[in-house]
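> only the shape, not the letters, is given here:
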């Protein structure tokens with residue numbers, strides 16, 4: 001009986017479902033009209049709840065269903081409408097579809113502070129359960145969305161102790177991490193639980209070193225040097241030992257923007273390159289942007305070196321310093337008002353001149369500098385800060401020659417937080433670089449300087465976790481003094497002379513977007529608009545056909561043009577103006593949590609230039625603005641790279657390819673006289689430059705033994721073609737090697753922590769010699785042998801290489817309070833390599849033979865320093 005009933009039910013159901021109907025629906029058909037079509041052609045009746053409005057039109061598109069089974073019709077309608085149909089017997093039930101709501105994500109917002117209660121930029125915040133993490137921004141903050149649950153967070157930063165905390169997420173959560181120094185920031189730092197490469201961040205082409213890493217790299221004289229430590233990373237070189245400036249991806253030294261707490265500085269070295277101006281005890285961090293440069297930076301076409309100083313401790317007074325063979329340093333910091341205001345004052349001084357006097361040597365060489373920083377918190381949302389720097393070098397050669405030069409910088413900033421997602425930074429600054437030269441035998445002084453007054457106003461806006469905005473404006477007013485000649489006595493053969501001062505104004509506005517398109521694809525894009533005005537009071541020469549440099553076809557050389565007149569411009573009157581749009585774009589695509597590819601493009605404009613025809617800038621180098629005869633330099637740079645972490649960040653690899661082209665690169669005619677030249681336009685030509693290459697960096701990031709291997713293969717060239725078919729240009733108008741070309745550049749850096757008391761460090765550097773121009777023959781004139789030179793930069797100096805070693809000894813590594821100290825013993829150039837700084841060609845006065853003379857700066861250089869803090 002049971003089987004008979006089941007069979008009857010099946011037949012009934014099949015009969016009901018198998019009924020066919022023909023219906024038409026579109027945007028004008030109400031639900032009531034649709035019901036009527038079905039009920040008129042079948043045995044089905046409709047049932048619905050009060051939520052269903054039968055007068056409403058639920059159909060979004062026109063469809064005609066011809067002779068279709070009821071079951072099939074219902075399936076089709078359920079796919080295309082917002083209501084749900086279901087068949088039960090001879091009834092069709094209608095109800096609203098359940099709205100699928102996204103599971104609510106909870107926002108975790110945090111801030112990472114150091115022991116001075118200052119933001120830690122670039123700290124890693126790692127979530128163990130998710131095997132993922134984020135890095136902190138310029139305010140030390142981070143944001144991440146999480147599901148409800150319990151999570152373990154590990155915060156790490158090189159030089160600071162890891163911080164681990166368990167949090168419960170059941171709503172939006174705010175958290176703060178206060179980090180502590182890892183021992184004395186002097187011993188080997190063992191990095192754990194942090195990704196060495198942020199594969200998802202769009203930023204690429206950045207060299208970063210922590211101060212803990214910098215203090216472990218052996219350098220000449222045993223003094224930790226943040227700037228020279230950057231030379232161990234890919235794409236960065238300089239002209240050689242004891243040379244100032246640095247070159248990035250084949251660029252010139254004046255193409256680097258150097259910022260100290262946001263204010264520009266123009267001289268980067270002491271004692272003609274033996275030391276940099278950056279005191280390692282004061283520097284909190286430094287980032288060197290080689291490509292993919294954000295829109296907030298501008299004004300140079302090669303790189304941006306962004307250096308930040310430490311902030312004084314808001315709670316405790318602290319002192320640290322070091323005593324070396326030729327210089328010493330001291331830093332004092334503490335609260336002005338506990339948890340409200342703080343100060344930091346640091347100073348360095350050399351005393352090599354004292355040893356010279358003890359040896360009855362009348363020569364003198366010394367430097368000193370002072371760093372200062374003051375912070376004051378005006379409530380929870382406002383901070384006032386002042387940063388300052390003053391440095392000076394003094395040289396005196398037998399009372400016949402003397403010079404002083406250095407930087408002065410000050411910046412006052414006000415940071416205001418409107419909300420957790422919106423903050424601003426308003427800053428005004430002053431910066432100058434000066435050089436004073438005295439020739440006692442000639443009874444005159446020569447002085448030059450550049451002064452800058454500026455304002456910046458930047459906004460950081462977190463619109464959502466996946467979309468951020470950075471925008472702002474800035475302006476700088478320049479005052480250039482190319483030289484003042486001042487007689488020092490009535491017997492001087494020189495008269496007072498003031499070279500024409502130059503004035504200019506540079507303004508810009510920028511907008512930068514950071515956008516997470518998908519969990520794997522991130523994009524940053526922006527635009528900078530820059531304007532530059534060359535202003536009077538100044539008199540500008542005019543020349544026939546506008547050519548300040550003329551070509552002499554008889555001697556086949558370029559010569560200074562002869563002015564045909566002049567135009568005088570009053571104070572503030574516009575002489576020339578330029579403006580440029582500078583687009584920037586960068587993207588990253590992550591294959592997984594450990595590997596990604598990145599690419600970037602940026603255009604940049606540079607309106608001020610150094611006048612120097614040497615590979616390494618000298619203190620006498622003169623800055624000059626763009627104008628009627630000197631066009632702004634324009635850069636287009638493309639870069640692409642592959643980034644990979646191995647074994648959970650124990651090892652990392654970064655590989656990049658880059659291509660740069662620069663318009664309007666300054667070049668000089670042969671024999672150009674630059675010093676004290678009031679008509680500098682008569683010795684310069686506008687050419688172009690290009691560089692391209694490959695950079696590789698492999699790091700070991702964890703354990704007792706850490707370090708990296710970096711290698712750069714690159715080419716840097718210049719080209720200055722003739723302005724007419726009859727002119728040859730420079731080097732016959734062909735591409736020639738620029739003075740900054742280094743085909744090969746290899747650095748190997750290693751650090752080993754043997755035990756808590758002893759650690760050892762090594763650094764090996766190998767580079768191609770820099771391009772130079774050698775004599776390829778001689779000719780006799782008036783009984784004197786005169787060398788004849790090859791084409792420009794057709795030759796190279798010999799291969800440059802050296803090995804440096806250092807050992808750090810900490811007598812009481814477990815001592816955390818009171819007097820703490822350690823010793824650093826170093827050997828620079830262990831195997832006493834005589835690297836060539838220059839090659840000169842002359843005639844031996846005794847034999848009359850032609851000679852090539854090689855100048856070397858360093859042999860083996862031992863160093864020792866005692867460092868302390870309390």
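Right, received. Where do you want to start? Here the structure is a predicted model, which means the values were calculated and not measured.
> burial check on residue 531, number of neighbours?
16 (other Cβ atoms under 10 Å). Bear in mind the C-beta positions are built from the backbone N, C-alpha and C, glycine included.
> sorry, wrong one. I was asking about residue 482.
Around residue 482 there are 22 residues (other Cβ under 10 Å).
> which residue, other than its chain neighbours, is closest to it?
residue 499 (4.5 Å; Cβ to Cβ, 6 or more residues apart in numbering).
> ok, residue 851 next?
Nearest non-adjacent residue to residue 851 (Cβ to Cβ, 6+ apart): residue 844, at 5.2 Å.
> gap between that neighbour and residue 773?
21 Å (Cβ to Cβ, to the nearest Å).
> okay, the two: which has more neighbours?
Legend: neighbour count by other Cβ under 10 Å for residue 844 and residue 773, higher for residue 773 (17 against 10).
> unless I'm mixing things up, the more buried one is touching residue 794, no?
Yes: at 6.4 Å, residue 773 counts as touching residue 794 under the criterion of Cβ atoms under 8 Å.
> helices along the stretch 201-350 of the chain, start to end?
211-214, 226-229 (DSSP state H, counting those that start in this stretch).
> and of those, who's closest to residue 580?
Of all the helices of the stretch 201-350 of the chain, helix 226-229 sits nearest to residue 580, with 29.1 Å by Cβ to Cβ.
> in the closest one, what counts as buried?
226-229 (16 or more other Cβ atoms under 10 Å).
> next, residue 215: phi, psi?
Reported as degrees, to the nearest 10, the phi and psi values for residue 215 are phi -70, psi -10.
> residue 668: how many residues sit nearby?
Around residue 668 there are 21 residues (other Cβ under 10 Å).
> name all residues that make contact with it.
Residues in contact with residue 668 (Cβ atoms under 8 Å, 6 or more residues apart in numbering) are 613, 674, 683-685.
> what does residue 329 give?
Taking Cβ under 8 Å, 6+ apart, we find residue 329 in contact with 279, 281, 321-322, 346-349.
> rerun at 7 Å
With contacts defined as Cβ atoms under 7 Å, 6 or more residues apart in numbering, the neighbours of residue 329 are 279, 281, 321-322, 346-348.
> hey, where'd the helices end up in the stretch 51-200 of the chain?
70-80.
> do a quick rundown of the strands in it.
Listed in chain order, the strands of the stretch 51-200 of the chain (DSSP state E, counting those that start in this stretch) span 63-69, 83-88, 91-96, 106-113, 124-127, 132-135, 141-146, 149-157, 160-169, 173-178.
> remind me which residues of the stretch 501-650 of the chain are low pLDDT?
613-620 (pLDDT under 70).
> what about 80?
When residues are selected by pLDDT under 80, those of the stretch 501-650 of the chain lie in 612-621.
> please enumerate the strands of it.
502-516, 521-535, 538-543, 549-552, 557-560, 563-569, 574-590, 595-606, 608-611, 622-625, 633-646.
> would you list these in CSV and tack on distance to residue 290?
Output for those, formatted as CSV (distance: least, Cβ to Cβ, whole Å):
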stretch, distance to residue 290
strand 502-516, 18
strand 521-535, 16
strand 538-543, 36
strand 549-552, 33
strand 557-560, 34
strand 563-569, 38
strand 574-590, 13
strand 595-606, 10
strand 608-611, 19
strand 622-625, 23
strand 633-646, 8
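> relative to residue 209, which of those is closest?
Here strand 633-646 is closest among the strands of the stretch 501-650 of the chain (Cβ to Cβ), at 17.6 Å.
> quick one on the thing from earlier: quick one: which of the contacts of residue 329 sit in strands?
321-322, 346-348 (DSSP state E).
> which of those sits closest to residue 306?
Distances from residue 306 to the ones in strands among the contacts of residue 329, taken by Cβ to Cβ, are shortest for residue 346, at 19.4 Å.
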